[in-house]
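S.K.: Structure for the following, please:
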Amino acid sequence: MSNLAQKRILLGITGGIAAYKSIELIRLLTKAGADVQVVLTDGAKAFVTEMTLQAISGHPVRSTLLDPNAEAGMGHIELAKWADLIVIAPASADFMARYAQGMANDLLSTLCLATESPVLLAPAMNQAMWKHPATQANAKLLTERGILNIGPADGAQACGDIGPGRMSEPGDIFNTIMTHFDKAQVKQDLADQHWVITAGPTMEAIDPVRFISNHSSGKMGYALATAAMARGATVTLISGPVQITAPAGAKIIAVKSADEMLAACEQSMITQADVFIGAAAVADFKMKAANDQKMKKQSDTDEITLTLVKNPDIIATLAQQKRAKTLVGFAAETQNVIEYAKSKLERKGLDIIIANDVSRADIGFNQDDNQVTVITKDKTWSPDKTTKNALAEQLVEFIQQQTQS
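M.R.: You can find the predicted model right below:
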């Protein structure tokens, strides 16, 4: 049975072109057994109709605060008490500003102030609006007050701009809602711990338009962050460039190069972290000196020589500095996987190393499944092949057991 069975979810829809995506979100929620009621702002009515939303949710749609029929029984207070979770998707810049200031001048904002249930925002707006200091300040304030958040995603927008501001996809919002309710069923034994996790590739500039990188998708690192947070950990996720949605609730630090990733790790662990997991695929080399201008193709030669130098060894540096009580590394290898992983464990001073064979097409970079071998100084464990999300839960459990032994 789904963990959403009989969960009561109030879906608020604000004005924005992304409102059409909320129809699919309602479908996913109701299919999973959730009871969904919809509240529209006046602006949202320009993008979706009450008749469509009523047909999909199975409930009349509410949009008016001063509805004599509903308010005869203090309907907005009853709705606020009814919901197990309030989801605002899309959450416009205007709504976030009013919510941050504690305004209650329509039904949706009133519900959010009157509820004692968790609230999840899925922001959606033009990329310039999202980047504006006022919006960023409002988003930060809401997060500090305990409001949950997913997105926004980065990409092409309806106005033609490209950048952060797209509403997260309905499937991603649905998964975040599932994770939220999962937490109520998962032990919260990491509630007093700080985990720092790196994920994705690094990107080392050759010139302003070219770079050295790899095929890492970041999925494993993001799954580990989600699994640790589900058990109550405070998670700092330091991520190279990826195309996946960050888990709601994590502190995200976006970086590009190995130097930037190391600096972010050191800054995040000024106070010693409980656990560090180096899941990122860090480039071993970078340009000795990146070119300031685009390198031009030379007509008199078919070859070019690039002078590379070693990147900092992030996890070895952190181990030497004792930045975390428990250090966990990854060894992505294409041959002699276990042998190389054991050597890396000892050479870099790690507590745990997780080895995986990235030459396999079914579990390599960009795949949803994975199979690894977990190695410590005195034991080796090889869980069965499974999804990266399921594997992450097993790995978090193993790491926690090791920290207690």
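S.K.: residues in contact with the residue lying closest to K322 once chain neighbours are set aside?
M.R.: Closest residue to K322 apart from its sequence neighbours, by Cβ to Cβ, 6 or more residues apart in numbering: Q272 at 6.9 Å. (C-beta placed from N, C-alpha, C; glycine too.) By Cβ atoms under 8 Å, 6 or more residues apart in numbering, Q272 lies in contact with 322-325.
S.K.: show me where the chain has helices.
M.R.: 21-31, 50-57, 68-71, 75-82, 93-100, 107-114, 127-131, 133-144, 170-183, 219-230, 258-268, 314-320, 337-348, 388-404 (DSSP state H).
S.K.: Rounded mean pLDDT for the last one, please.
M.R.: When pLDDT is averaged over helix 388-404, the result is 90.
S.K.: my guess is L237 contacts W195, does it?
M.R.: No - using Cβ atoms under 8 Å as the test, L237 is too far from W195 to be in contact (9.1 Å).
S.K.: What is the neighbour count of the closest residue to K256 other than its chain neighbours?
M.R.: Excluding the flanking residues, the one nearest K256 by Cβ to Cβ, 6+ apart is M203, at 4.5 Å. Neighbours of M203 under the rule other Cβ atoms under 10 Å: 18.
S.K.: With I252 instead?
M.R.: Around I252 there are 15 residues (other Cβ under 10 Å).
S.K.: Return the residues in contact with it.
M.R.: So I252 contacts 237, 239, 246 (Cβ under 8 Å, 6+ apart).
S.K.: what's the spacing between it and E78?
M.R.: To E78, I252 is 37 Å away according to Cβ to Cβ, to the nearest Å.
S.K.: Then A93?
M.R.: 29 Å.
S.K.: These two: which is more packed in?
M.R.: A93 (21 against 12).
S.K.: Do I have it right that that one meets M129?
M.R.: Yes - shown here, A93 and M129 form a contact pair, counting by Cβ under 8 Å, at 4.8 Å.
S.K.: Which neighbours do those two have in common?
M.R.: T135.
S.K.: How many residues are close by P133?
M.R.: 7.
S.K.: Identify the residues contacting the residue most central in space within the chain.
M.R.: Compute the mean C-alpha point of the chain, and by Cα atoms, centre = their mean the closest residue is A246, 1.6 Å away. Residues near A246 by Cβ under 8 Å, 6+ apart: 222, 237, 239, 252.
S.K.: Throw the residues you listed into a markdown table and include distance to P383 and pLDDT, thanks.
M.R.: Putting these into a markdown table (distance: Cβ to Cβ, whole Å; pLDDT from 0 to 100) gives the following:
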| residue | distance to P383 | pLDDT |
| --- | --- | --- |
| Y222 | 19 | 93 |
| L237 | 23 | 96 |
| S239 | 24 | 96 |
| I252 | 28 | 92 |
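S.K.: Could you list which of these belong to strands?
M.R.: Within those, residues falling in strands by DSSP state E are 237, 239, 252.
S.K.: Let me know the closest of those residues to A290.
M.R.: For those, the closest approach to A290 (Cβ to Cβ) belongs to S239, at 21.4 Å.
S.K.: before we move on, the earlier item: most neighbours out of the contacts of Q272, which is it?
M.R.: Within those, neighbour counts (other Cβ under 10 Å) peak at A324, which reaches 22 neighbours.
S.K.: show me the biggest strand of the chain in terms of residues.
M.R.: Longest strand in the chain, counting by DSSP E: strand 324-333.
S.K.: So what are the sheet partners of that strand and their directions?
M.R.: According to DSSP bridges, strand 324-333 forms sheet pairs with strand 273-278 (parallel), strand 352-357 (parallel).
S.K.: Name the surrounding residues that touch it.
M.R.: 196, 220, 269, 272-279, 281, 315, 318-319, 337, 340-341, 344-345, 348-359, 365, 399, 402-403.
S.K.: now the angle from that strand to helix 388-404?
M.R.: 140 degrees (axes from the mean of the first three to the mean of the last three Cα atoms, to 10 degrees).
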